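Peer 1: Quick one: sequence and predicted model below, then my questions.
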Amino acid sequence: MEPKIVQPPSGSMPAGPWSQGVQAGSLLFVSGQVGEDAHGVIADATDFRAQAARALENVAHVVRAAGGTKADIVKITAFLTDVRNFPAYNDARRAFFGDRFPASTSVVVKELARPEYLLEIEAVAVLRGHAPD
């Protein structure tokens with residue numbers, strides 16, 4: 001099985017060449033996604049829930065580019081810059097996924113690439129519509 005890079009079409013959400021995943025057969029590993037839109041505009045740095053919701057949508061966007069859906073996401077890792085935002089992240093995750101929560105791990109980090117980033121999300125998806133190579 002030959003791994004391949006999966007990137008959403010240019011000009012779509014999320015922004016930039018960093019928006020990608022690596023697909024190996026039916027497994028998709030989504031790289032760190034933050035709360036930016038297609039124009040590189042980040043959700044308000046004081047609004048953690050808005051950043052979390054946008055970052056989750058960006059993860060799902062990469063999964064869709066690989067031919068999957070957010071139901072294919074089986075594991076999420078959230079890197080938070082403030083442990084006090086943990087309950088808000090759980091609320092955003094619950095709102096995004098409904099009653100079907102993928103497994104989740106939260107890690108507190110000192111900082112991310114830019115000070116206005118309050119979280120970064122990585123994910124693993126098992127693409128049910130893709131047969132393993």
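Peer 2: In hand now; what should we look at?
Peer 1: Please identify the buried residues of stretch 86-102?
Peer 2: Ala88, Tyr89, Ala92, Arg93, Phe96, Phe97, Pro102 (16 or more other CB atoms under 10 Å). For glycine as for every other residue, the C-beta is placed from the backbone atoms N, C-alpha and C.
Peer 1: Show the contacting residues for the spatially most central residue of the chain.
Peer 2: The chain has Val59 as the residue nearest its centroid, 2.9 Å off, counting by CA atoms, centre = their mean. Residues near Val59 by CB atoms under 8 Å, 6 or more residues apart in numbering: Val30, Gln33, Lys70, Ile73, Ile76, Ile121, Glu122, Ala123.
Peer 1: Which stretches in this protein count as helices?
Peer 2: 48-65, 86-97 (DSSP state H).
Peer 1: All the strands of this protein, residue numbers only.
Peer 2: 4-6, 21-24, 27-33, 73-80, 103-108, 119-126 (DSSP state E).
Peer 1: Can you add mean pLDDT and give the helices of the chain back as JSON lines?
Peer 2: Shown next, in JSON lines, are the helices of the chain (pLDDT from 0 to 100):
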{"stretch": "helix 48-65", "mean pLDDT": "92"}
{"stretch": "helix 86-97", "mean pLDDT": "94"}
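Peer 1: if I look at the nearest residue to Ala43 once chain neighbours are set aside, how far off is Ser19?
Peer 2: Excluding the flanking residues, the one nearest Ala43 by CB to CB, 6 or more residues apart in numbering is Ala50, at 3.8 Å. As judged by CB to CB, to the nearest Å, Ala50 and Ser19 stand 18 Å apart.
Peer 1: neighbour count winner among the two?
Peer 2: Between Ala50 and Ser19, counting by other CB atoms under 10 Å, Ser19 is the more crowded of the two (25 against 16).
Peer 1: residues touching the more buried one, list them.
Peer 2: Here Ser19 is in contact with Gln7, Pro8, Ser31, Gln33, Asn58, His61, Val62 (CB under 8 Å, 6+ apart).
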